[in-house]
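K.L.:
Model the structure of this input:
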Amino acid sequence: MSKHVILRETTIKILSVVFAVLLWFYVITEQNPVVPKDITIPVGIINMDTLSKNNLVMIDATDSFSVTLKLKGKKEILDTVNRNSLNAYADLNNYKTEGENTIPVIINGLPDGITVTSRSEHSINVRLDKKLVVQKTIFANITGNPMGGLANLSPILSPTEVVLTGAESFVTRVESVRVDIDIAGVDANVSKRLPVRLLDVEGKDVAGVKADIEWVNVIVPVANTKRVPIQLVLEGAPGEGYVIADKLVQPREILVTGEQEALDNLTTISSSKISIDNLMEDIALPVALDLPEGIQLVNAKETVNATIDIDKLVTNTIDISSIDYRNLDEKYIVADFPARKIKVVVRGPEAIISNISSNLTLYVDLINAKEGLEAYEIQVSKLPLLEILELEPKSIGLDIKIRE
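P.N.:
Next up is the predicted model:
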């Protein structure tokens, strides 16, 4: 075989190998190329129990973190990568500081041959706060009114207390814990199971706080009503030389509710005892009411105020020249008599005595009068808080004549 033939065969073999390699490379790159892929996965939080040991809690929700990865690799391998095959986490172990903490994000589960060209987050900022546990009373916010003539009594809640747990900055925002119930137009007791609301000072719901109970059973009793007068109960006596000039209560009447039998037996509501012992000046104060058993105020927040006027006790002498004739039979008349003044000595509160001349009336009762001249007793119209010490003269002679 000639050299020329051998060289040609060798060249063909070499070219065949090169061609085969190129063909293999072509097939590989076309069928399984290197491609990019973006994938977003959640960032899990591990070792949360270490926070409890340090009396700390996370302010942020544990599912609020994620990271986006830009990956590169063979398509065949990259197709197997998804949210379930990768794992991203931040480890809270050894973090004990309140406030914002920067924690690295660890990525696990990447197959060999897959590279991360970039990522949205290399770390996350986790806010830690002091853990706070408090107990609060639940109250019912009642809206609407029952049918006419009825009123609601104090609601019955079960349970009545709730335990709140969470970040101090969140728990301290909870001003009240309540349930809302509408009783508009009802004519019987209302019973409902209602969700608990955690509210701030502005009445807005507070999130991020865990309550040990979420629902409350509420019963709102509905009963008949009655409006009754309030009677002030005074104890003791004013100082020497002083007297009670007036006593006022506001409101004068109050709306109460209860069982019908209890309402039927109720005529007044007494106040708690008000001491006026040795008083020499006016007093004004809120007073409690002595409610009988089975009776409640319709408006438990309604306030009752009492005013006791204390005045100096004084004596005054008044001269009165006019006398009224009362109950005289129409067939008679009283003949004119010489005018004379009648002296009246009265004692009472200074404020009343100072205006007594225009309010004091003298009269004689002529219901049994007969014709002729006769002496009749002079009487004084009754005025509260006044005492007549002297009346001079005590009687007056009147000449009764038949009307012509």
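K.L.:
only C-alpha atoms for contact and neighbour calcs from this point on.
P.N.:
Will do.
K.L.:
Just the buried positions in the helix or strand where Ile41 lies, please.
P.N.:
Assigned by DSSP states H and E, Ile41 belongs to strand 34-46. Neighbour-count burial for strand 34-46 flags Val34, Pro36, Ile41, Pro42, Val43, Gly44, Ile45 (criterion: 16 or more other C-alpha atoms under 10 Å).
K.L.:
Would you mind extracting the C-alpha trace of the next helix or strand after it into PDB?
P.N.:
Note on strand 34-46: by DSSP H and E, the next helix or strand toward the C-terminus is helix 49-53. C-alpha atoms of helix 49-53 as PDB (Å, rounded to 0.1, in the frame of the first residue of the first chain):
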ATOM      1  CA  ASP A  49     -37.900  28.200  70.500                       C
ATOM      2  CA  THR A  50     -34.700  30.000  71.400                       C
ATOM      3  CA  LEU A  51     -36.700  33.300  71.400                       C
ATOM      4  CA  SER A  52     -39.100  32.000  74.100                       C
ATOM      5  CA  LYS A  53     -36.100  31.000  76.300                       C
END
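K.L.:
ok, back up a step: could I get the average pLDDT for the strand holding Ile41?
P.N.:
Averaged over strand 34-46, pLDDT sits at 92.
K.L.:
Stretch 151-170 too?
P.N.:
93.
K.L.:
Okay, now it: how far is its last residue from its first?
P.N.:
37 Å (C-alpha to C-alpha, to the nearest Å).
K.L.:
about what we covered before: output the buried residues of strand 34-46 in TSV; the columns should cover distance to Thr307.
P.N.:
Below are these laid out as TSV (distance: C-alpha to C-alpha, whole Å):
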residue	distance to Thr307
Val34	94
Pro36	88
Ile41	73
Pro42	70
Val43	70
Gly44	69
Ile45	67
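K.L.:
for those, which one is nearest Ile124?
P.N.:
Proximity of these to Ile124 (C-alpha to C-alpha) peaks at Val43, which lies at 8.9 Å.
K.L.:
my read: that closest one touches Ile107, true?
P.N.:
No. Counting by C-alpha atoms under 8 Å, Val43 sits too far from Ile107 to count as a contact (9.0 Å).
K.L.:
if we can go back for a sec, please name the strands paired to the strand holding Ile41 in the sheet, noting orientation.
P.N.:
Using DSSP bridges, strand 34-46 pairs in its sheet with strand 66-74 (antiparallel), strand 87-91 (parallel).
K.L.:
So which of the ones you listed is nearest Arg252?
P.N.:
With distances scored as C-alpha to C-alpha, the stretch of the strands paired with strand 34-46 nearest to Arg252 is strand 66-74 (67.5 Å).
K.L.:
Could you list the buried residues of the helix or strand that that closest one is followed by?
P.N.:
Counting by DSSP H and E, the next helix or strand C-terminal to strand 66-74 is helix 75-78. If you call a residue buried by 16+ other C-alpha under 10 Å, then helix 75-78 has these buried ones: Lys75, Leu78.
K.L.:
Can you tell me what sits against helix 75-78?
P.N.:
With contact meaning C-alpha atoms under 8 Å, 6 or more residues apart in numbering, helix 75-78 is reached by Asn32, Pro33, Val34, Val35, Lys37, Lys72, Pro111, Gly113, Ile114.
K.L.:
Let's have those in JSON lines, adding distance to Lys370.
P.N.:
Formatted as JSON lines, those follow (distance: C-alpha to C-alpha, whole Å):
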{"residue": "Asn32", "distance to Lys370": "141"}
{"residue": "Pro33", "distance to Lys370": "141"}
{"residue": "Val34", "distance to Lys370": "139"}
{"residue": "Val35", "distance to Lys370": "135"}
{"residue": "Lys37", "distance to Lys370": "129"}
{"residue": "Lys72", "distance to Lys370": "133"}
{"residue": "Pro111", "distance to Lys370": "134"}
{"residue": "Gly113", "distance to Lys370": "138"}
{"residue": "Ile114", "distance to Lys370": "135"}
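K.L.:
what packs against the helix or strand encompassing Val162?
P.N.:
Applying DSSP H and E as the criterion places Val162 in strand 161-167. In this structure, strand 161-167 packs against strand 56-58, strand 123-143, strand 209-211, with contacts taken as 3 or more C-alpha pairs under 8 Å, 6 or more residues apart in numbering; DSSP states H and E.
K.L.:
Next, count neighbours for the spatially closest residue to Gly113 that is not a sequence neighbour.
P.N.:
Nearest non-adjacent residue to Gly113, counting by C-alpha to C-alpha, 6 or more residues apart in numbering: Gly73, 6.0 Å away. Gly73: 20 surrounding residues under other C-alpha atoms under 10 Å.
K.L.:
I'd say Glu390 and Arg347 touch.
P.N.:
No. Glu390 is not in contact with Arg347 according to C-alpha under 8 Å; the separation is 9.8 Å.
K.L.:
more neighbours, the two?
P.N.:
Shown here are Glu390 and Arg347; by other C-alpha under 10 Å, Arg347 has more neighbours (18 against 13).
K.L.:
all helices for the protein, in order.
P.N.:
Secondary structure of the chain (DSSP state H): helices at 3-31, 49-53, 75-78, 168-171, 260-264, 350-353.
K.L.:
Least reliable of those by average pLDDT, please.
P.N.:
helix 3-31 (a mean of 60).
K.L.:
ok, the residue nearest to the spatial centre of the chain - contacts?
P.N.:
Geometric centre of the chain, nearest residue: Asn141, 7.3 Å, by C-alpha atoms, centre = their mean. Asn141 is in contact with Arg178, Val179, Asp180, Ile181, counting by C-alpha under 8 Å, 6+ apart.
K.L.:
picking that back up, shared neighbours of Val43 and Ile107, anything?
P.N.:
Asn87, Ala88, Tyr89.
K.L.:
Across the sheet, point out what pairs with the second one.
P.N.:
This points to Ala88. Bridge pairing for Ala88 - DSSP bridges - gives Val43, Ile107.
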